[in-house]
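A.B. asks: just to be clear, the model below is a prediction. Sequence and coordinates:
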Amino acid sequence: MSRIPILVSALLIAAFGAFAQNGLSGIWLVNAPLPDGTVRQSFLQLSQDGDKLTGSVTYNYRKMDITEGSVNGNKFHFIVGRGMRHRTFDGTLEGDHLTVVETSANGRNTNRGEAHRSTEQAMAPPKPLPLPALHDVPYNGLARTPQMGWNSWNHFHTAIDDKTVREIADAMVTSGMKDAGYVYVNIDDAWQLKHDADGNIVPNKKFPDMKALADYVHSKGLKIGIYSSPGPKTCGGYEGSFGHEKADAEMYAKWGIDYLKYDWCSASAIYKDTDMQPVYQVMGDALRATGRPILFSLCQYGREDVWKWGAKVGGNSWRTTGDISDNWKSLSTIGFKQLAIAQYAKIGHWNDPDMLEIGNGGMSDDEYRTHMTLWSMLRAPLLAGNDVRSMSDAAKAILLNKEVIAIDQDPLGAPAQLAKTDGDIEIWTRPLKGKATGLAFFNKGDQAAEVKLTWSEARLNKPKKARDLWAHTDVKISSEGYAANIPAHGTVLLRLQ
Ligand code: GLA
């Protein structure tokens, strides 16, 4: 054998060996089609060293490091994140493409995708749009009292579709929710597919005809809401409004949409937090320009003191916190820190401590009554987040308590204040229309507690009449004050005249 073929073979073997050693190294774009017709895209930045695999996964412009990774022949396996939120990836390298299966921590969700080689450039978020000069977007006249309705997120997450929204609309009427004032039926994340070649936003397979759905909801005497983001992607990874703000607002108006929740999400990869006001103003202007009154609900988790500028961008409400979840810790942490900013909420422009969890099953009825009392004393939007089609009597009694709702919707729109704290007890008062006062007792403790308040402590005159809004009875009042036994995590709410 001559020397040349030996050399060539040796080189080939070395090159192949190196490839097998490092074949996965590089940037890969994974396209994973979902049943709703959308394609979930993520980037893998992999570095292979023999049977070791390190790197990261970038999804929605957020990078998560691989915590554990290995290669076995042409198969690989890695984990991203830790604990409850970790995700597992299993894949195969075939020629120069990958097949990847991504599994959620509980094993319930799997996405299958195909990946090809990509670039650093493709991973980068788009450049920010030029920011407009600040001006005041005129008030649209909506939400003269805090908005009331229902939203899909807390119960259904991304598993929401046309049929469910119609059934919820039906149930809003038959359950009495509509008569109690809950009129908005709001679709949260996961209704979008993409912008088409003409820049029109197109819903995914789960929402075949938005206009028909809006007509249906309107035919029930209800209003309909939708959801988007100033970023290219929503928090759930669906199409946002970045660069399409005007066209999206026009499409919403064309469909007959009455409400937009606008969620910061991936805008954080493009803009600075200090750009939030002009970025929200763009959509505020776009909604106004449609000529259709569309309630504008800001969702940027209470950053940048939004309560100081939310009204200026045309906002009817702004989230003041991160996401609520259906447990006492989340509820009490959010609820009891809202008083400090209560004075910023005004008629037409409300603080929004997030949607209601009442009826979702993670809290006791006492805790859910505290939820409703807090939100009503705070003049918060009341957006039920449960499955209205199958409400328990207990959930109904809480959400449909008209006397408590009347506190939330009181036309005076005056803020609550802290009257007294005593250990785990907080007592709040709030001036109501017609020289009435709302008086709320909260027990944050894990034991029932006897609570006393003198009228002078609360800077109140002895009322003529007091009504317990959860017991639905008038109560006796002494000339000194009021004493009540409050269950653990519970509440007593009085209307004083
Ligand atoms: C964010 C919001 C939630 C919900 C989800 C949807 O987390 O704060 O209320 O809209 O996005 O992805």
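C.D. replies: Received the coordinates, thanks. Numbering: from 1, shown residues only.
A.B. asks: give me the pLDDT value at Arg112.
C.D. replies: Looking at Arg112, its pLDDT is 95.
A.B. asks: got a list of what it touches?
C.D. replies: 32-33, 99-102 (C-beta atoms under 8 Å, 6 or more residues apart in numbering). (C-beta placed from N, C-alpha, C; glycine too.)
A.B. asks: what's the answer for Leu418, then?
C.D. replies: 339, 426-428.
A.B. asks: next one: phi and psi at Ala394?
C.D. replies: phi -70, psi -40 (degrees, to the nearest 10).
A.B. asks: next up, phi/psi of the closest residue to it other than its chain neighbours, please.
C.D. replies: Distances taken as C-beta to C-beta, 6 or more residues apart in numbering place Asp365 nearest to Ala394, at 5.1 Å, with adjacent residues excluded. Here is the backbone geometry of Asp365 (degrees, to the nearest 10): phi -60, psi -40.
A.B. asks: and Asp365, how close does it get to Thr333?
C.D. replies: Distance of Asp365 to Thr333, given as C-beta to C-beta, to the nearest Å: 20 Å.
A.B. asks: how about Pro208?
C.D. replies: 40 Å.
A.B. asks: what does Phe207 give?
C.D. replies: Counting by C-beta to C-beta, the gap from Phe207 to Thr333 is 34 Å.
A.B. asks: and those two? Which one has more around it.
C.D. replies: Phe207 (22 against 13; other C-beta atoms under 10 Å).
A.B. asks: pick out the residue of the stretch 201-350 of the chain closest to the ligand.
C.D. replies: Nearest residue of the stretch 201-350 of the chain to the ligand: Cys235, at 3.4 Å (C-beta to the nearest ligand atom).
A.B. asks: list the buried residues of stretch 184-202.
C.D. replies: 184-193, 195, 201 (16 or more other C-beta atoms under 10 Å).
A.B. asks: can you pull the contacts of Pro487?
C.D. replies: Per C-beta under 8 Å, 6+ apart, neighbours of Pro487: 366, 443, 448.
A.B. asks: go on, Lys452?
C.D. replies: Here Lys452 is in contact with 481-483 (criterion: C-beta under 8 Å, 6+ apart).
A.B. asks: and with 10 Å instead?
C.D. replies: Shown in contact with Lys452 (C-beta atoms under 10 Å, 6 or more residues apart in numbering): 420, 422, 425, 427, 441, 480-484.
A.B. asks: same check, this time on Met64
C.D. replies: Counting by C-beta under 10 Å, 6+ apart, Met64 has contacts 42, 56-58, 80-81, 85-87.
A.B. asks: returning to that earlier point: among the contacts of Lys452, which pair sits farthest apart?
C.D. replies: Ile425 and Glu480 (17.5 Å; C-beta to C-beta).
A.B. asks: between the two, who's got more neighbours?
C.D. replies: Just comparing Ile425 and Glu480: by other C-beta under 10 Å the higher neighbour count belongs to Ile425, 18 against 12.
A.B. asks: ok, back up a step: need the contacts of Arg112 in a markdown table (columns: secondary structure).
C.D. replies: Listed next are the contacts of Arg112 as a markdown table, based on DSSP: H, G, I helix; E, B strand; the rest coil:
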| residue | secondary structure |
| --- | --- |
| Ala32 | strand |
| Pro33 | strand |
| Thr99 | strand |
| Val100 | strand |
| Val101 | strand |
| Glu102 | strand |
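A.B. asks: can you give me the strands in the stretch 301-450 of the chain?
C.D. replies: 317-319, 350-352, 382-384, 417-422, 425-432, 436-443, 449-454 (DSSP state E, counting those that start in this stretch).
A.B. asks: ditto for the stretch 51-200 of the chain
C.D. replies: Listed in chain order (using DSSP E, counting those that start in this stretch), the strands of the stretch 51-200 of the chain are 52-59, 62-72, 75-80, 87-94, 97-104, 110-117, 148-151, 184-186, 192-195.
A.B. asks: just to revisit the earlier point, from the contacts of Pro487, list the buried ones, please.
C.D. replies: In the contacts of Pro487, burial by neighbour count holds for 366, 443, counting by 16+ other C-beta under 10 Å.
A.B. asks: out of the contacts of Pro487, which comes closest to the ligand?
C.D. replies: Asp366 (25.0 Å).
A.B. asks: mind listing what the closest one touches?
C.D. replies: 328, 443, 448, 470, 486-491.
A.B. asks: one more pass at 7 Å, please.
C.D. replies: 487-490 (C-beta atoms under 7 Å, 6 or more residues apart in numbering).
A.B. asks: nearest spatial neighbour of it, chain-adjacent residues omitted?
C.D. replies: Gly490 (3.9 Å).
A.B. asks: over to Lys75?
C.D. replies: Per C-beta to C-beta, 6+ apart, closest to Lys75 is Thr92, 5.5 Å.
A.B. asks: so Thr145 sits against Gln409, correct?
C.D. replies: Yes: with contacts counted by C-beta atoms under 7 Å, Thr145 reaches Gln409, the gap being 4.3 Å.
A.B. asks: buried set for the helix or strand hosting Asp285?
C.D. replies: Element membership of Asp285 [criterion: DSSP states H and E] is helix 276-289. Under the neighbour-count criterion of 16+ other C-beta under 10 Å, helix 276-289 has 276-288 buried.
A.B. asks: ok, now stretch 400-418?
C.D. replies: Using 16+ other C-beta under 10 Å as the test for burial, stretch 400-418 gives 400-401, 404-410, 413-416.
A.B. asks: if we can go back for a sec, among the contacts of Asp366, find me the one that's closest to the ligand.
C.D. replies: So of the contacts of Asp366, ranked by how close each gets to the ligand (C-beta to the nearest ligand atom), first place is His489, at 23.5 Å.
A.B. asks: which ones are touching the closest one?
C.D. replies: Applying C-beta under 7 Å, 6+ apart, the residues contacting His489 are 328, 364, 366-367, 370, 443.
A.B. asks: give me that answer again for 6 Å
C.D. replies: Taking C-beta atoms under 6 Å, 6 or more residues apart in numbering as the contact definition, His489 lies against 328, 366-367.
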